[in-house]
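# Show me the folded form of this:
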Amino acid sequence: MSAAPDRDTYPIQDLEELGRRARDVLAANDLGTMVTAAPNLYPHMWSWDAAFVATGLSTVSVERALRELDYLLAAQWKSGMIPHIVFSDVPGYFPDVERWGTRGAAPEGVQSSGICQPPVHATMLRRIVERATAAGGEDARLADEFTRRTLPGWIDWHAWLRSARGGDGSGLLTIYHGWESGMDNSPRFDGPYSRVKPGEMEPFVRTDTQKVKDHSQRPSDEEYSRYLWLVQQMADVGFDDAQLPRVMAFQVKDVFMSAIYAAANEDLAVLAEQFGLPGEAPQLRQWAREFREGVDATVDEGTGLARDRDVLTGEWIGPPTMAGFAPLISTTDQALLDRQLEVFEGPDWTGDPRLAFPLPASTSTTYEGLKPRQYWRGPVWPVMNWYLAHCLRRRGDEKRYRQLREASLAQLMEGHFGEYYEPFTGEPLGSMDQSWTAAVALEWLADPRNG
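Okay, the predicted model is just below:
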């Protein structure tokens with residue numbers, strides 16, 4: 001493990017230094033088997049973090065990037081689910097594996113949570129494979145061997161999502177906890193969470209509020225009690241997929257996760273064709289179509305934004321969050337794409353002149369419930385800037401990709417690699433030296449048209 005970056009040089013002076021600092025962050029957070037999500041607040045491996053971290057690592061070492069994905073995939077459950085946390089041996093995180101109660105449900109020797117996160121993995125693996133193939137030599141050989149060996153596991157992951165979470169024909173995936181969305185406390189989930197009434201459970205002591213001095217950046221204790229009650233509901237039925245629809249007090253059709261799944265199915269189909277499993281591609285593409293159409297069907301004609309749906313009430317979920325831009329990830333409807341981009345660049349989003357940088361906040365900047373310092377309730381997330389830009393570039397929208405790249409690099413030059421940023425001041429918030437923030441900095445810098 002290397003030393004932490006020099007803390008006396010802020011802001012960073014040039015892009016070369018930004019790259020060096022980003023590499024230092026990933027090296028400092030590397031336990032050898034996994035790159036922890038952050039050095040203090042998040043000392044374990046998170047599923048979608050690991051996928052983004054791997055693509056950033058591939059700019060430095062394809063071998064290390066593939067090892068990251070390998071370690072995550074080794075924690076895959078027999079059902080096909082990839083858990084949202086794989087625990088390291090570093091103590092001091094809550095809820096830990098004991099509170100999750102997954103022993104017996106998880107594979108032997110694996111310490112994990114019992115829920116999932118958005119399936120960005122195939123998209124990031126395709127990105128790594130493209131980089132390795134272009135490099136040729138040992139990188140290309142390693143990527144070829146890894147992809148052929150692990151493809152069945154990634155396909156099982158997608159099949160589990162389709163059967164356990166998206167088999168009702170809606171073209172949308174169900175989540176049973178806001179943590180599964182990756183946008184843990186987003187206003188998207190205020191309504192569904194308000195109907196979660198915790199019963200009797202063990203007392204708890206949080207660790208996150210001991211590590212982030214400004215508690216306003218973190219969810220409240222009341223919110224946390226709901227989060228833990230949902231964990232207990234799952235544990236009480238042994239994380240049995242067949243039982244969850246009957247027992248869970250939180251059930252949401254997640255439009256953003258569904259769009260990620262649609263796009264990832266297309267990427268996995270490409271990999272299947274290239275690496276020895278062409279017979280799997282038609283099914284993957286069918287799932288891509290099904291969920292692409294499901295996402296498009298959620299769009300509110302009035303706002304132009306996609307919406308989640310509360311399964312238990314049947315109601316659409318209305319707060320204007322960045323999840324509303326799910327079609328930017330997956331749609332093939334040009335008119336819808338044009339409408340989404342118009343909203344995205346409008347005064348409620350990246351066109352708000354008050355923004356420190358023209359980047360999407362996690363909620364509309366004019367939303368009455370905006371909390372610009374609190375987690376997914378207002379801050380700007382560097383990883384989402386890069387992911388949305390990546391999706392736009394895949395469509396051939398080089399202009400918007402470059403605009404987001406320029407603004408993102410300007411944001412990151414402050415030098416702390418924050419987990420998220422205050423949208424109007426540009427202040428880094430949450431955990432500093434966040435691995436996926438460093439990873440996407442390296443992705444931006446690896447652009448062959450860098451300059």
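# next one: phi and psi at W316?
For W316, the backbone dihedrals are phi -70, psi 150 (criterion: degrees, to the nearest 10).
# now swap in L173 and tell me
When read as degrees, to the nearest 10, the backbone of L173 gives phi -90, psi 140.
# What does the pLDDT read for it?
The predicted structure scores L173 at 99 on the pLDDT scale.
# and V60, helix, strand or coil?
When states are read from DSSP: H, G, I helix; E, B strand; the rest coil, the local structure at V60 comes out as coil.
# what's the closest non-adjacent residue to it?
The shortest distance from V60 to any residue that is not its chain neighbour, by Cβ to Cβ, 6 or more residues apart in numbering, is 6.0 Å, and that residue is R23. For every residue, glycine as well, the C-beta is placed using N, CA and C.
# swap in G430?
The shortest distance from G430 to any residue other than its chain neighbours is 3.2 Å, reached at E419 (Cβ to Cβ, 6+ apart).
# isn't the one you found right up against L429?
Yes: because the distance of 6.7 Å satisfies Cβ atoms under 8 Å, E419 is recorded as touching L429.
# Compare these two and say which is more crowded by neighbours.
More neighbours surround E419 than the other of E419 and L429, with 26 against 23 (other Cβ atoms under 10 Å).
# And that one, how far from F189?
For E419, the distance to F189 (Cβ to Cβ, to the nearest Å) stands at 19 Å.
# Low-confidence bits of the chain, can you list those?
1-8, 206-213, 215, 217-218, 448-451 (pLDDT under 70).
# Tell me where it has strands.
Listed in chain order, the strands of the chain (DSSP state E) span residues 45-46, 85-86, 173-175, 252-254, 308-310, 316-317, 420-421, 428-429.
# Could you pull out the residues contacting both of E419 and L429?
Common contact partners of E419 and L429 (Cβ atoms under 8 Å, 6 or more residues apart in numbering): none.
# How about L18: what's its closest non-neighbour residue?
In this structure, L18 finds its nearest non-sequential neighbour in I12, 5.0 Å apart by Cβ to Cβ, 6+ apart.
# my guess is the one you found contacts G415, does it?
Yes: I12 sits in contact with G415 when judged by Cβ under 8 Å, with a separation of 4.4 Å.
# contacting residues around C391?
Going by Cβ under 8 Å, 6+ apart, C391 touches A263, L328, I329.
# Return the member of these nearest to L404.
Proximity of those to L404 (Cβ to Cβ) peaks at L328, which lies at 11.3 Å.
# Next, the contact list for the closest one, please.
Neighbouring residues of L328 by Cβ under 8 Å, 6+ apart: L337, Q340, L341, F344, L388, C391, L392.
# Give me the distance between it and S435.
L328 is 25 Å from S435, by Cβ to Cβ.
# Widest-spaced pair of the contacts of L328?
Maximum pairwise distance among those (Cβ to Cβ): 12.6 Å, between L337 and L388.
# Quick one: buried ones out of the contacts of L328?
Buried residues within those, defined by neighbour count using 16 or more other Cβ atoms under 10 Å: L337, Q340, L341, F344, L388, C391, L392.
# Including distance to F94, could the residues you listed go into a markdown table?
Output for these, formatted as a markdown table (distance: Cβ to Cβ, whole Å):
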| residue | distance to F94 |
| --- | --- |
| L337 | 42 |
| Q340 | 38 |
| L341 | 41 |
| F344 | 36 |
| L388 | 31 |
| C391 | 34 |
| L392 | 38 |
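# Counting only helices, which of those residues make the cut?
When those are checked against helices (DSSP state H), the matches are L337, Q340, L341, F344, L388, C391, L392.
# Just the closest of those residues to T313, please.
Using Cβ to Cβ as the measure, the one of these that approaches T313 most closely is Q340, at 26.3 Å.
# got a list of what the residue positioned nearest the centre of the chain touches?
Nearest to the centroid of the C-alpha atoms of the chain, with distances taken as Cα atoms, centre = their mean, sits W48, at 4.5 Å. For W48, the residues meeting the contact criterion (Cβ under 8 Å, 6+ apart) are H84, Q117, P118, V120, H121, G182.
# Go again with 7 Å.
With Cβ atoms under 7 Å, 6 or more residues apart in numbering as the criterion, the residues that contact W48 are Q117, P118, V120, G182.
# Next: F417.
The neighbourhood of F417, defined by Cβ under 7 Å, 6+ apart, consists of A22, V25, M432, D433, Q434, T437, A438, A441.
# For R285, grab the count of nearby residues.
Using other Cβ under 10 Å, R285 is surrounded by 17 other residues.
# How much space separates the residue lying closest to it once chain neighbours are set aside from D70?
In space, not counting the residues next to it along the chain, R285 is nearest to A269; the distance is 5.0 Å by Cβ to Cβ, 6+ apart. Spatial separation of A269 from D70 under the definition Cβ to Cβ is 22 Å.
# Between those two, tell me which one has more neighbours.
A count of neighbours by other Cβ under 10 Å puts A269 above the other of A269 and D70, at 25 against 15.
# Next, work out how far apart that one and M413 are.
38 Å.
# what number of residues lie near the nearest residue in space to D308 that is not next to it in sequence?
Residue nearest to D308 in three dimensions, not counting chain neighbours: I317, with 4.2 Å by Cβ to Cβ, 6+ apart. Using other Cβ under 10 Å, I317 has 23 other residues around it.
# Spit out the contact partners of I317.
When contacts are taken as Cβ under 7 Å, 6+ apart, I317 is in contact with R188, G191, R307, D308, R309, D310.
# That one and I115, how far apart?
19 Å.
# Distance from the longest helix anywhere in the chain to the middle of the chain?
Taking DSSP H as the assignment, the helix of the chain that covers the most residues is helix 137-160. From the chain centre to the centre of helix 137-160 is a distance of 20 Å (Cα atoms, centre = their mean, to the nearest Å).
# Flag every buried residue along that helix.
139-140, 142-144, 146-147, 150-151, 153-160.
# try stretch 52-67
Residues of stretch 52-67 classed as buried: 52-60, 62, 64-67 (neighbour count, 16+ other Cβ under 10 Å).
# V380 touches T365, doesn't it?
No: at 9.9 Å, V380 and T365 do not qualify as touching, with contact defined as Cβ atoms under 7 Å.
# More neighbours: the two, which one.
Set side by side, V380 and T365 show unequal neighbour counts under other Cβ under 10 Å, the larger going to V380 at 28 against 22.
# What separation is there between the more buried one and W436?
With Cβ to Cβ as the criterion, V380 and W436 are 14 Å apart.
# who touches W436 in this structure?
By Cβ under 7 Å, 6+ apart, the neighbours of W436 are D49, F52, V53, V383.
# Identify the residue spatially nearest to the last one, adjacent ones excluded.
In other words, V383. Spatial nearest neighbour of V383, chain neighbours left out: W436 (4.7 Å); criterion: Cβ to Cβ, 6+ apart.
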